[in-house]
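Enquirer: predicted model and sequence follow; I will ask about them next.
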Amino acid sequence: MNNGKKYQQDLLEGILSADENISLMEVCGTHTMAIAKSGLRQILPPHIKLLSGPGCPVCVTSQGDIDAIIELVQNEDIILVTFGDMMRVPGTRSSLQEERSQGSDVRVAYSPLDALRIARENPQKEVIFLGIGFETTTPAVGLTVQQAREEGVKNFSVFSVHKMVPPALELIFSDPEIQVDGLICPGHVSAVIGVEPYEILAQKYNRPCVITGFETLDILEGIYMLIKQKQKRQARAEIQYRRVVKPEGNPVAREVIARFFEAVPARWRGLGVIPDSGLKLRDEYADLDARKKFNITEMEEVPIKGCACGEVLMGKIMPAECPLFGRGCTPLQPVGPCMVSHEGSCAAYYRFTPAKGRS
């Protein structure tokens with residue numbers, strides 16, 4: 001433990017000794033919460049800026065998709081199963097939590113297999129699993145689809161709002177309004193996709209990427225590695241989180257994703273439509289695709305008045321710069337998704353930033 005503390009102190013001293021301006025973006029909601037909880041932003045000097053990116057899958061789910069799901073659950077023959085974070089995300093006029101309070105059958109699950117079990121237990125109902133998340137959660141949904149097909153469960157389907165991280169990072173690097181010098185890359189996603197997608201980005205845009213773990217020491221080391229690259233005028237992808245992430249990632253998980261899903265354009269809340277960033281079930285599984293089964297059409301995006309979640313997700317502003325932050329929008333009464341999810345940057349900032357910084 002003492003050695004760990006000394007190494008942490010050495011890393012911090014190395015970071016503090018850097019005198020060049022640098023802006024780094026973490027693109028994982030777990031990093032966002034860890035950075036806020038540890039108080040790293042408060043101890044770093046002003047010339048080292050940490051920004052939060054679109055690393056929370058709940059936050060980037062488009063309002064049109066939320067509205068489509070809300071419309072679906074108003075059908076009394078449908079049971080919707082989803083993860084807890086999705087319950088309070090506001091649509092245009094309602095949320096899943098509000099719909100449940102009005103009598104809709106909306107249930108919280110910890111696994112897509114829970115939704116398949118519910119379908120078996122309720123053969124008279126149509127059970128839809130709202131599949132959300134990045135490359136980390138997608139393989140489990142694909143294998144659940146396989147099990148449903150093998151068992152012949154006809155009343156089960158998936159509404160996929162799964163997304164892939166690298167296309168969003170490309171959008172960030174290519175936007176001239178976003179001044180990001182390097183990326184603190186997600187550990188969980190990278191355990192699946194490996195280092196190659198970041199190598200491509202680093203070379204194309206001449207900016208470094210470091211795959212980082214979630215302990216304070218991990219994050220400090222990741223920041224230090226990015227700073228050292230910038231000082232040496234280097235731009236490559238590195239792995240700090242070597243105890244979990246292999247350079248090749250997880251080929252088995254990637255094969256499962258490719259077997260059941262294909263890339264499609266997807267709308268990200270606040271970011272617009274990003275080509276080849278979404279995942280839909282392949283045509284051979286159309287009978288298990290809720291969008292096709294229930295003929296769901298994309299709904300119009302209706303911006304939330306005053307909400308700046310889009311700018312927060314792109315790192316263009318800090319959460320407290322949103323006019324609703326801490327006033328009309330709080331964790332108890334959220335207006336935008338960044339205040340709803342436990343991985344949302346606004347929720348993290350609200351919970352862990354000193355009150356004087358939130359006024």
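Expert: Structure's in. What do you need? Residues are numbered from 1 along each chain as shown.

Enquirer: pLDDT wise, what is the nearest residue to Leu16 once chain neighbours are set aside at?
Expert: Nearest residue to Leu16 in three dimensions, chain neighbours excluded: Pro45, at 6.2 Å (C-beta to C-beta, 6 or more residues apart in numbering). In this view, the C-beta of every residue, glycine as well, is placed from N, C-alpha and C. Note for Pro45: predicted pLDDT of 88.

Enquirer: same question, the one 5 residues further on
Expert: Leu50 is assigned a predicted lDDT (pLDDT) of 93.

Enquirer: next one: Met1
Expert: 41.

Enquirer: do the one 10 residues further on as well
Expert: Here, the pLDDT recorded for Leu11 equals 83.

Enquirer: now swap in Cys307 and tell me
Expert: 89.

Enquirer: just checking, it touches Leu324?
Expert: Yes. The pair Cys307 / Leu324 is scored as a contact, 6.0 Å apart, by C-beta atoms under 8 Å.

Enquirer: list residues touching both of those two?
Expert: 335-336 (C-beta atoms under 8 Å, 6 or more residues apart in numbering).

Enquirer: compare neighbour counts for these two and give me the winner.
Expert: When Cys307 and Leu324 are compared for neighbours, Cys307 comes out ahead with 26 against 19, by other C-beta atoms under 10 Å.

Enquirer: okay, the helix or strand hosting Leu143 in PDB with CA atoms only?
Expert: Assigned by DSSP states H and E, Leu143 belongs to helix 138-151. The C-alpha coordinates for helix 138-151 follow below in PDB (Å, rounded to 0.1, in the frame of the first residue of the first chain):
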ATOM      1  CA  THR A 138     -23.900  -6.300 -27.000                       C
ATOM      2  CA  PRO A 139     -22.500  -9.900 -27.100                       C
ATOM      3  CA  ALA A 140     -24.800 -10.900 -24.200                       C
ATOM      4  CA  VAL A 141     -27.800  -9.700 -26.200                       C
ATOM      5  CA  GLY A 142     -26.700 -11.500 -29.200                       C
ATOM      6  CA  LEU A 143     -26.400 -14.800 -27.300                       C
ATOM      7  CA  THR A 144     -29.800 -14.200 -25.800                       C
ATOM      8  CA  VAL A 145     -31.200 -13.900 -29.300                       C
ATOM      9  CA  GLN A 146     -29.600 -17.200 -30.200                       C
ATOM     10  CA  GLN A 147     -31.100 -18.900 -27.200                       C
ATOM     11  CA  ALA A 148     -34.600 -17.500 -28.000                       C
ATOM     12  CA  ARG A 149     -34.300 -18.800 -31.500                       C
ATOM     13  CA  GLU A 150     -33.100 -22.200 -30.300                       C
ATOM     14  CA  GLU A 151     -35.900 -22.500 -27.800                       C
END
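
Enquirer: pLDDT on that helix, on average?
Expert: 97.

Enquirer: ok now it, how far from the chain's centre?
Expert: Helix 138-151 sits 22 Å away from the centroid of its parent chain (C-alpha atoms, centre = their mean, to the nearest Å).

Enquirer: report the angle between the helix or strand that comes right after that helix and helix 138-151.
Expert: Using DSSP H and E, the helix or strand that directly follows helix 138-151 along the chain is strand 156-160. Compare the direction of strand 156-160 with that of helix 138-151 by axes from the mean of the first three to the mean of the last three C-alpha atoms, to 10 degrees and you get 160 degrees.

Enquirer: and the next helix or strand past the lowest-mean-pLDDT helix or strand in the chain?
Expert: Lowest on mean pLDDT, DSSP states H and E among the helices and strands of the chain sits helix 2-16, with a mean of 75. Sequence order places strand 22-26 as the next helix or strand after helix 2-16, per DSSP H and E.

Enquirer: now whichever helix or strand comes after that following strand, how far from the centre of its chain.
Expert: With elements assigned by DSSP H and E, the helix or strand that comes after strand 22-26 is helix 29-38. Mean-position distance between helix 29-38 and its chain equals 13 Å (C-alpha atoms, centre = their mean).

Enquirer: go on, stretch 66-74?
Expert: With C-alpha atoms, centre = their mean, you get 21 Å for stretch 66-74.

Enquirer: could I get the average pLDDT for it?
Expert: pLDDT averaged over stretch 66-74 gives 93.
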